[in-house]
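Asks: okay, predicted coordinates and the sequence, questions at the end:
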Amino acid sequence: MTVHDKFLALGTHYGKVYLLDVQGNITQKFDISPVKINQISLDESGEHMGVCSEDGKVQVFGLYFGEEFHETFDCPIKIVAVHPHFVRSSCKQFVTGGKKLLLFERSWMSRWKSSVLHEGEGNIRSVKWRGHLIAWANNMGVKIFDITTKQRITNVPRDDISLRPDMYPCSLCWKDSVTLIIGWGTSVKICSVKERHASEMRDLPSRYVEIVSQFEAEFYISGIAPLCDQLVVLSYVKEVSEKMEREYCARPRLDIIQPLSETCEEISSDALTVRSFQENECRDYHLEYSEGESLFYIVSPRDVVVAKERDQDDHIDWLLEKKKYEEALMAAEISQKNIKRHKILDIGLAYINHLVEKGEYDIAARKCQKILGKNAALWEYEVYRFKEIGQLKAISPYLPRGDPVLKPLIYEMILHEFLESDYEGFATLVREWPGDLYNNSVIVQAVRDHLKKDSQNRTLLQTLAELYTYDKNYGNALEIYLTLRHKDVFQLIHKHNLFSSIKDKIVLLMDFDSEKAVDMLLDNEDKIAIKKVMEELEDRPELQHVYLHKLFKRDHHKGQPYHEKQINLYAEYDRPNLLPFLRDSTHCPLEKALEICHQRNFVEETVYLLSRMGNSRSALKMIMEELHDVDKAIEFAKEQDDGELWEDLILYSIDKPPFITGLLNNIGTHVDPILLIHRIKEGMEIPNLRDSLVKILQDYNLQL
């Protein structure tokens, strides 16, 4: 048997040669001779084939044209090798091996002539031709011949001469045009053909061979081939039976080893099952390889086994077999351009099935998001499967909400599942899912049905409000938000311009948050008039006050019709701001204000109103009699700058020593102090009189 990138050639004991493609299909069939075929050789182009047989015949012919050579010898020919470039006219050469190594060349007259390259060391059992170098093995060792210089450049002796060469034949292969690999017995040698320096040549060949690596294998070598920087070794194995205490032939092994300088490292090892392996010897196995596709053919008397490097598909097969689905999925994604038999989606679906079978529903649901992608049909299938096993909740967070969008029934089914057992989860989905994914009215009705059983459930009420919002039923939504006193109510009004819907809900808004409500009402006065607000708050005067107070702060004139009402409101709910209001308002009815303040005995406010109405004497009297505050009375008199007021003040203070002290300290710049001093009774004790007199004199000097 021999192998080419295009096909493999297989010879039989009956003189027939079959050309098979890499799938094992027969492409051509040749009848060579009626006896056993020993060896087949192909050139690199795959257009010429050399065949030698047990009856001593050698044939070289073209596979696709009529060129042919026949030669019959008087002894069996064990081996034949065609020049790698036989297709060229200048390379019409081949060698045969039996007791001699013969080189056949076509002469200029198209005749074939032969020459002996080597003889006398037993049968030649293996020949490999690469480029200009021919390597062969006989009973003594391995030789290499340079066809260009017609020189033999090396002799590599075999190590274990105790092994019979016919039973443990040598295996040769060229890794490249200058590297020869030799496997014989248990010994492996890697030889490198190098150019000799001109100064060293003398009568020596121009090339020499250096053994770059040499080591012993664990078993006998039946075949050897290169695999990148590693070696593929077909090993013949003998083991000892513990029961019968004798050796027996075990299954052959195909090992991948990493050669080192003096040893090797085993990368992998596989035992091969071939028919009748118990009866086979080391010489019955052969290893051929195809460089182009890294295919390795193990030949036994009854089987041809094809071995090839495991590709990513094989790796994924192994991972799936070991149920390592996540690793298989990752491997497929990384090598998606190189895998041929597997699909990422199929692996992903198998992974989901595996997780579901193990009960890891949450992980399975999460993986759906990545594996199912935009395939709506697969999503819907998985949702129904999760429903069957009662795990709709597990898949709900990962359901697509955009591209793709599933049937509304899918989303409704999950919402109903949550509504039956988990109000909070239901509310979360309604909040997260866009309202157009499902039939909103169906879900609204379902929520209302549940509220009949639990009417005060805040979660359901808030969710119903959100559903109403999706459905643009803002009135109902607003009513629920106000009932719940939800913080988003003002945002909802602004966002959807719901001012027309809140005209009859102003009291509710004010009760919820009066500050925000008033700010909103005043900011949108064009949409909700002041009059309308006041009408709605008619029964809630305390809220009217809050509204009118802020309105007055913004603009003193806008609430003019309500200033009279505000006097009562300030008097009732906010007296500290009553006097500032009376001072700032230009529309306040003074008589009404005076009446209210007098009724409530608001002295300061009454004094201000009396003064503003021109009744300064009554105002001063009230300060003196009600407030008993001389400083305030003096300050009031100063403000009015009225002589009669000073006279009234002196008359009221003349019998009150503390008041006299106050007058003495302040009167000097407005009234002649002599008028006061003359009226002081003899013997009246006045606090701090000396200091007051000193101040009067200082004020008098200052006036002068």
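Replies: Thanks, I have the structure now.

Asks: chain center to whichever strand or helix holds M510, what's the gap?
Replies: Here M510 is covered by helix 506-512, with elements defined by DSSP states H and E. A distance of 48 Å separates the C-alpha centroid of helix 506-512 from that of its chain, computed with Cα atoms, centre = their mean, to the nearest Å.

Asks: tell me what it is packed against?
Replies: Other elements packing on helix 506-512 under the criterion 3 or more Cβ pairs under 8 Å, 6 or more residues apart in numbering; DSSP states H and E are helix 474-484, helix 489-496, helix 514-523, helix 530-536, helix 541-554. C-beta: built from backbone N, CA, C; applies to glycine.

Asks: just the angle between the first one and helix 489-496, please?
Replies: With axes from the mean of the first three to the mean of the last three Cα atoms, to 10 degrees as the criterion, the two stretches helix 474-484 and helix 489-496 enclose an angle of 170 degrees.

Asks: and helix 474-484, which residues are buried?
Replies: The neighbour-count criterion (16 or more other Cβ atoms under 10 Å) identifies Y474, N476, A477, L478, E479, I480, Y481, L482 as the buried residues of helix 474-484.

Asks: tell me which helix or strand Y351 sits in.
Replies: In the assignment (DSSP H and E), Y351 maps to helix 344-358.

Asks: look up how far K393 lies from the spatially most central residue of the chain.
Replies: Taking Cα atoms, centre = their mean as the criterion, K370 is the residue nearest the geometric centre of the chain, at 9.2 Å. From K370 over to K393 the distance is 20 Å, taken as Cβ to Cβ, to the nearest Å.

Asks: equivalent analysis for G122, please.
Replies: Taking Cβ to Cβ, one finds G122 at 82 Å from K393.

Asks: those two: who's more crowded?
Replies: More neighbours sit around K393 than around the other of G122 and K393, counting by other Cβ atoms under 10 Å; the figures are 18 against 12.

Asks: from the chain's centroid, how far away is the helix or strand hosting that one?
Replies: Counting by DSSP H and E, the secondary-structure element that holds K393 is helix 392-395. Helix 392-395 has its C-alpha centroid displaced from the chain centroid by 21 Å (Cα atoms, centre = their mean).

Asks: so this structure: which segments form each domain?
Replies: Per the TED database, the structural domains of the chain span 2-224, 225-307, 628-703.

Asks: right, and the ones you listed - which one's nearest R600?
Replies: domain 628-703 (19.4 Å; Cβ to Cβ).

Asks: hey, which helix or strand in the chain has the poorest pLDDT?
Replies: Confidence across the helices and strands of the chain bottoms out at helix 673-677, with a mean of 60, counting by mean pLDDT, DSSP states H and E.

Asks: hmm, who's touching the helix or strand L582 falls within?
Replies: Of the helices and strands defined by DSSP H and E, L582 is found in helix 578-584. With Cβ atoms under 8 Å, 6 or more residues apart in numbering as the contact definition, helix 578-584 has outside contacts at 552, 556, 566-567, 570-571, 588, 593, 597, 602, 604-605, 608-609, 612.

Asks: buried ones in the next helix-or-strand element following it, by neighbour count?
Replies: Scanning forward in sequence from helix 578-584, with DSSP H and E defining helices and strands, the next element found is helix 590-599. The neighbour-count check on helix 590-599 (16+ other Cβ under 10 Å) flags A593, L594, I596, C597 as buried.

Asks: nearest to S53, out of the helices and strands packed on helix 506-512?
Replies: When the helices and strands packed on helix 506-512 are compared by Cβ to Cβ, helix 489-496 sits nearest S53, at 96.0 Å.

Asks: state the distance from N139 to W174.
Replies: When distance is defined by Cβ to Cβ, N139 is 22 Å away from W174.

Asks: between these two, who's got more neighbours?
Replies: Shown here are N139 and W174; by other Cβ under 10 Å, W174 has more neighbours (19 against 15).

Asks: all helices for the stretch 151-300 of the chain, in order.
Replies: Ranges of helices within the stretch 151-300 of the chain are 198-201, based on DSSP state H, counting those that start in this stretch.

Asks: which one of the buried residues of helix 590-599 is nearest E279?
Replies: Nearest member of those to E279, counting by Cβ to Cβ, is I596, at 129.0 Å.

Asks: quick one: residues contacting the closest one.
Replies: The neighbourhood of I596, defined by Cβ under 8 Å, 6+ apart, consists of I567, N568, A571, F602.

Asks: okay, buried residues for stretch 138-156 please.
Replies: Buried residues in stretch 138-156, counting neighbours by 16+ other Cβ under 10 Å, are found at N138, G141, V142, K143, I144, F145, D146, I147, I153, T154, V156.

Asks: biggest separation within those residues, which pair?
Replies: Checking these against each other with Cβ to Cβ, the farthest-apart pair comes out as G141 and I147, at 19.7 Å.

Asks: next, count neighbours for E262.
Replies: 9.

Asks: that older thread, and the residue nearest to the centre of the chain, what is it in contact with?
Replies: Counting by Cβ under 8 Å, 6+ apart, K370 has contacts G348.

Asks: so what does it have for phi and psi?
Replies: In terms of degrees, to the nearest 10, the main-chain angles of K370 are phi -80, psi -40.

Asks: now do it, the pLDDT please.
Replies: pLDDT, K370: 86.

Asks: gap between it and I181?
Replies: Here the criterion is Cβ to Cβ. By it, K370 lies 47 Å from I181.

Asks: R88 too?
Replies: If you go by Cβ to Cβ, the gap between R88 and I181 works out to 27 Å.

Asks: among those two, which residue is more densely surrounded?
Replies: Set R88 next to I181 and count neighbours by other Cβ under 10 Å: I181 wins out with 22 against 11.

Asks: could I get the pLDDT score of the more buried one?
Replies: As predicted, I181 sits at a pLDDT of 93.

Asks: which residues does stretch 494-505 contact?
Replies: Applying Cβ under 8 Å, 6+ apart, the set of residues contacting stretch 494-505 from outside is 469, 472, 474-475, 478-479, 482, 492-493, 509, 520, 524, 527-528, 532, 536.
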